[in-house]
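Enquirer: Here is the input, now give the coordinates:
(chains A and B, ligands or ions: 2)
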There are 2 protein chains.
Amino acid sequence: MNMSLDIDSVLQKLKEILPGEKEFIGLHEPCFGGNEWAYVKECLDTGWVSSAGKYVEKFESMLAEYTGAQKAVAVVNGTAALHICLKLAGVDCGDEVIIPSLTFVATANAVMYCGAVPHFADVEESTLGLDPSKLADYLKEIAEKRDGICHNRLTGRAIKAVVPMHTFGHPVDLEPLLEVCRQFGLELVEDAAESLGSFYKGRHTGTFGRLSAISFNGNKTITTGGGGIILTNDEELAKKAKHMTTTAKVPHRWAFNHDMVGYNYRMPNLNAALGCAQMEQLPDFLRKKRDLAQKYQALFTGIHGVQVFREPAFAVSNYWLNALIIDEEFVAQRDELLEATNAVGIQTRPVWTLMHRLPMYHQCPRMNLSVSEKLEQRIINVPSSVIMCELK
Amino acid sequence: MNMSLDIDSVLQKLKEILPGEKEFIGLHEPCFGGNEWAYVKECLDTGWVSSAGKYVEKFESMLAEYTGAQKAVAVVNGTAALHICLKLAGVDCGDEVIIPSLTFVATANAVMYCGAVPHFADVEESTLGLDPSKLADYLKEIAEKRDGICHNRLTGRAIKAVVPMHTFGHPVDLEPLLEVCRQFGLELVEDAAESLGSFYKGRHTGTFGRLSAISFNGNKTITTGGGGIILTNDEELAKKAKHMTTTAKVPHRWAFNHDMVGYNYRMPNLNAALGCAQMEQLPDFLRKKRDLAQKYQALFTGIHGVQVFREPAFAVSNYWLNALIIDEEFVAQRDELLEATNAVGIQTRPVWTLMHRLPMYHQCPRMNLSVSEKLEQRIINVPSSVIMCELK
Ligand SMILES: Cc1ncc(COP(=O)(O)O)c(C=O)c1O
Ligand SMILES: Cc1ncc(COP(=O)(O)O)c(C=O)c1O
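Expert: Ligands and ions are numbered 1, 2, ... in the order given. Take a look at the predicted model:
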């Protein structure tokens, strides 16, 4: 048995997978190989660059069609999408919302924007996402339903929603999670920011919750520069989402009336034009990302002490970001590996610092987070761009 | 003396000013006649479309240089800019912020995003912006300074800031307003959303307050699709603004730590590229807009019952949106004029419904708003695009 992780071997495997000519290989770089320029140019030529324009609507239809969601509402980014999803799920000032501690900070921030409190739950090793059975046990212990609303008996606050996040694109185990939500009277809102192109038992992630949010940030599977979308099967909620994200203006030929506190969250047409061109290439991107993931899996098979994370059995994942999982006994070498890879221009990073360790979330309620805390030490993300496949 | 406004004459004058071939003449359409293509294409070619990228920084320098502000921080839109300005000016949950009732709804919404309460003040007819002497009298009556902080004696809440808005680009009388703020211990934050290119006594609007916000929405003097910028002369505040708008991530080669609740508010590089090209044309745009304003002024001189609004004596205005001011005795005909113009494809609109009439702001504190209430009936905005000058 090896007593330590062989950093050199890992480095060599990474070099084998990744194209050799480039001086810097980023974690996730966009690929513009389709109609991007044609569509963006059309926006400039017609003068339609702002939030009214045909590409916004086209992008929304493309997303609805691809994911199978009834409705899609395009917004400035995934964070804004999550904010509106939570508001529409009924999250109010002083409520609690269950989210994983292992997530990007936007999930927790969106809860705060509603004046609510994030309540951190643990994840399972097989999905890197919320653990439904651990959550069920925990809620049995600390929660009770009063007048149909779930309450935290310890804080007295209402718990309104559960927000699973599909980490690196890998679907959470949604069915048992939906069952827990049903049982406790909680809304399910999916943070599907990373999971465009990921399916759970044949259905696209983001179509199981009452609402969900996808991100098109520059580092995502497809990008609009900055952008996000709200998915829902509820036409009424979609209408409200559109209203709230366009300053809640009441339609009129000329009068400016607004009937609630709204937001300027609509996606500009310029960005949507980029998105339409990117969506056309999504199947191709996904194929290439799957190839790359398989290469990682094949080449790391022989390396002792580190596994490449694989999609759960019930899922087809987009493999947005590939992750190496270091064996527990070698976690002390994580930073050494990060140093070694970044030093040679291969960008790698650990997973996000757990939410409950951040100063502004340190006091928030949480369950035992032992699995998250272990995983935090073990995950290293490795370069996963679509272009990686094209160059080799 | 005429007993009524001669709608036909007004219509004829508008047709004289506006190019005849177009079926629809919008209020304010963008003009892309410079390096828009080149810069946007470069973003696509290099893959830099998201919030890191050289155009964002270039756009910020261009704005700082043009306005004379020490620092400029580019964000997703003017609303987001205002939100961050207010937070950085110290506006907290439960505070009050003085804003005009005559404004676009975003000014009030941004106050609400901070958990604060808008407190409505009146405007003066000569600027369409906050009336400094009416505000001073009012504050003498209802406010007192306790421990250096201004308090509303009626509500008990702290009043933290005053947010003048430069309506249609016409500068508010800033000097006396700054004096009122000094006297009562209030921060001045300028809503300069509409006033890029407008100067007060030789200095650019948005450089007088501690912070200010400009919008680059599709209908503004220059556009980035959607976009905004925060101006300030305080380097520390600029640093904080950048930090808060980039999820408050603490810089590190790989670790993801965030030290406060932040926002995803940075402007994407794609949009900034458009902005750089637009900024290069700003002097030309302003010249053309000034020409158009002069045409309006000249051609309407003979029309009884309606004036074209002119920049205040202390100001050079960008004339973002031209406004007809109907004489008080003819306000009953305002809607008739709106009907007649829009019916022939000349887009016109009244000013925004006053904030204190909107359902969500109806209960907010306010002073006597008699001037705003009269102006609300009298203002009609008329087409003001740069392209209007080019086509004639
Ligand atoms: C899990 C998660 N949630 C939310 C977001 C927010 O999306 P955006 O960056 O588009 O605001 C992201 C992406 O950055 C994310 O990874
Ligand atoms: C007075 C005023 N404030 C704020 C805004 C908000 O700017 P944006 O639309 O870019 O969010 C606007 C423009 O729409 C405005 O006219």
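
Enquirer: Distance check, the residue of chain A found nearest ligand 1 against A:Val331.
Expert: Relative to ligand 1, the nearest point of chain A is A:Gly78 (2.4 Å; C-beta to the nearest ligand atom). Glycine gets a C-beta too; all of them are placed from N, C-alpha and C. For A:Gly78, the distance to A:Val331 equals 30 Å [C-beta to C-beta, to the nearest Å].

Enquirer: With neighbour numbers in mind, choose between the two.
Expert: Taking neighbours as other C-beta atoms under 10 Å in any protein chain shown, A:Gly78 and A:Val331 compare with A:Gly78 leading, 28 against 14.

Enquirer: Please enumerate the helices of the stretch 51-200 of chain A.
Expert: A:54-67, A:78-88, A:105-113, A:132-142, A:174-184 (DSSP state H, counting those that start in this stretch).

Enquirer: Nearest to B:His258, out of the ones you listed?
Expert: helix A:105-113 (4.8 Å; C-beta to C-beta).

Enquirer: List of residues touching that closest one?
Expert: With contact meaning C-beta atoms under 8 Å, 6 or more residues apart in numbering or on different chains, helix A:105-113 is reached by A:78-79, A:82-83, A:85-86, A:91, A:97, A:99-100, A:117-118, A:163, A:165, A:191, A:193, A:352, A:355, A:358, A:360-361, B:247-249, B:256, B:258, B:261-264.

Enquirer: And for stretch A:274-283?
Expert: Residues outside stretch A:274-283 that contact it (C-beta under 8 Å, 6+ apart): A:30-36, A:38-40, A:55, A:58-59, A:62-63, A:66, A:74, A:196-197, A:216, A:221-225, A:227, A:267, B:44, B:49, B:270.

Enquirer: Buried subset of those as a PyMOL selection?
Expert: Entered in PyMOL, the line below selects the buried ones among these, by 16 or more other C-beta atoms under 10 Å in any protein chain shown:
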select buried, (chain A and resi 30+31+32+35+36+39+40+55+58+59+62+63+74+196+197+216+221+222+223+224+225+227+267) or (chain B and resi 44+49+270)
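
Enquirer: In strands only, show me the contacts of stretch A:274-283.
Expert: Among the contacts of stretch A:274-283, the residues falling in strands (DSSP state E) are A:Ala74.

Enquirer: Contacts only, for the closest residue to A:Asn269 other than its chain neighbours.
Expert: Among residues not flanking A:Asn269 along the chain, A:Gly53 sits closest, at 2.9 Å (C-beta to C-beta, 6 or more residues apart in numbering or on different chains). Applying C-beta under 8 Å, 6+ apart to A:Gly53 gives the contacts A:43, A:268-269, A:272.

Enquirer: re the thing from before, model confidence score at the nearest residue to the residue of chain A closest to ligand 1 once chain neighbours are set aside, please.
Expert: Excluding the flanking residues, the one nearest A:Gly78 by C-beta to C-beta, 6+ apart is A:Ser215, at 2.8 Å. For A:Ser215, the pLDDT comes out at 98.

Enquirer: for A:Asn2, same thing?
Expert: Model confidence at A:Asn2, expressed as pLDDT, equals 65.

Enquirer: Then A:Ile387?
Expert: We have a pLDDT of 83 for A:Ile387.

Enquirer: quick one, phi psi at the nearest residue to it once chain neighbours are set aside?
Expert: Closest residue to A:Ile387 apart from its sequence neighbours, by C-beta to C-beta, 6+ apart: A:Cys31 at 5.1 Å. Note on A:Cys31: its backbone torsions stand at phi -130, psi 120 [degrees, to the nearest 10].

Enquirer: ditto for A:Val382
Expert: phi -120, psi 160.

Enquirer: Closest residue of chain A to ligand 2?
Expert: A:Asn264 (3.9 Å).

Enquirer: So in terms of bridging, what pairs with that residue?
Expert: Beta-bridge pairing for A:Asn264 (DSSP bridges): A:Thr246.

Enquirer: domains of chain A?
Expert: Following automatic domain parsing, chain A resolves into domains at A:7-30+A:281-391, A:36-279.

Enquirer: and the first one with ligand 1, contact?
Expert: Right, the one you point to is domain A:7-30+A:281-391. No: for domain A:7-30+A:281-391, no contact with ligand 1 is found by C-beta under 6 Å from any ligand atom; the gap never falls below 8.5 Å.

Enquirer: pLDDT below threshold where in chain A?
Expert: Scanning chain A for pLDDT under 70 picks out A:1-2, A:20, A:389-392.

Enquirer: how about the residues of the stretch 1-150 of chain A that lie near ligand 1?
Expert: Checking the stretch 1-150 of chain A against ligand 1 by C-beta under 6 Å from any ligand atom, the hits are A:77-79, A:82, A:103-104, A:106-107.

Enquirer: in the stretch 251-392 of chain A, which spans are helices?
Expert: Using DSSP H, counting those that start in this stretch, the helices of the stretch 251-392 of chain A run over A:269-280, A:282-299, A:334-343, A:370-378, A:387-391.

Enquirer: List the buried residues of the second one.
Expert: Residues A:282, A:285-286, A:288-290, A:292-293, A:295-296 are the ones in helix A:282-299 that count as buried (16+ other C-beta under 10 Å).

Enquirer: Run the chain-centre distance for that helix.
Expert: Put simply, helix A:282-299 sits 19 Å off its chain's centre (C-alpha atoms, centre = their mean, to the nearest Å).

Enquirer: Can you report how many residues lie near the residue nearest to A:Ala136 when sequence neighbours are not counted?
Expert: With sequence-adjacent residues excluded and distances taken as C-beta to C-beta, 6+ apart, A:Ala136 is closest to A:Val180, at 4.8 Å. Burial of A:Val180 is recorded as 22 neighbouring residues (other C-beta under 10 Å).

Enquirer: now A:Thr155
Expert: The tally of other residues near A:Thr155 (other C-beta under 10 Å) stands at 15.

Enquirer: right, and it touches A:Glu96 too?
Expert: Yes: shown here, A:Thr155 and A:Glu96 form a contact pair, counting by C-beta atoms under 8 Å, at 6.9 Å.

Enquirer: Which residues are in contact with each of the two?
Expert: Residues touching both A:Thr155 and A:Glu96 (C-beta under 8 Å, 6+ apart) are A:117, A:365.

Enquirer: The stretch 251-392 of chain A against chain B: which residues are in contact?
Expert: Within reach of chain B by C-beta under 8 Å from any C-beta of the partner chain, the stretch 251-392 of chain A has these residues: A:253-264, A:266-271, A:274, A:338, A:342, A:348-353, A:358-360.

Enquirer: Filter the residues you listed down to the buried ones, ChimeraX style.
Expert: Isolation of the buried members of these (16+ other C-beta under 10 Å) is achieved in ChimeraX through the command below:
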select /A:254,256,258,261,262,263,264,266,267,268,269,270,271,274,338,348,349,350,351,352,353,358,360
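
Enquirer: so of the helices of the stretch 51-200 of chain A, which one's packed in deepest?
Expert: Highest mean neighbour count among the helices of the stretch 51-200 of chain A (mean count of other C-beta atoms under 10 Å in any protein chain shown): helix A:78-88, with a mean of 28.

Enquirer: And that helix, what does it pack against?
Expert: strand A:71-75, helix A:105-113, strand A:187-191, strand A:211-215, strand A:228-232, helix A:235-245 (3 or more C-beta pairs under 8 Å, 6 or more residues apart in numbering or on different chains; DSSP states H and E).

Enquirer: Between its first and last residues, how far does stretch A:92-100 reach?
Expert: For stretch A:92-100, the first-to-last residue distance is 19 Å (C-alpha to C-alpha, to the nearest Å).

Enquirer: Buried residues of it, list them for me.
Expert: Neighbour-count burial for stretch A:92-100 [16+ other C-beta under 10 Å]: A:95-100.

Enquirer: Out of the residues you listed, which comes closest to A:Leu375?
Expert: When the buried residues of stretch A:92-100 are compared against A:Leu375 (criterion: C-beta to C-beta), the nearest one is A:Pro100, at 10.5 Å.

Enquirer: Tell me what that closest one is bridged to.
Expert: A:Ala121.

Enquirer: All good on my end, thank you.
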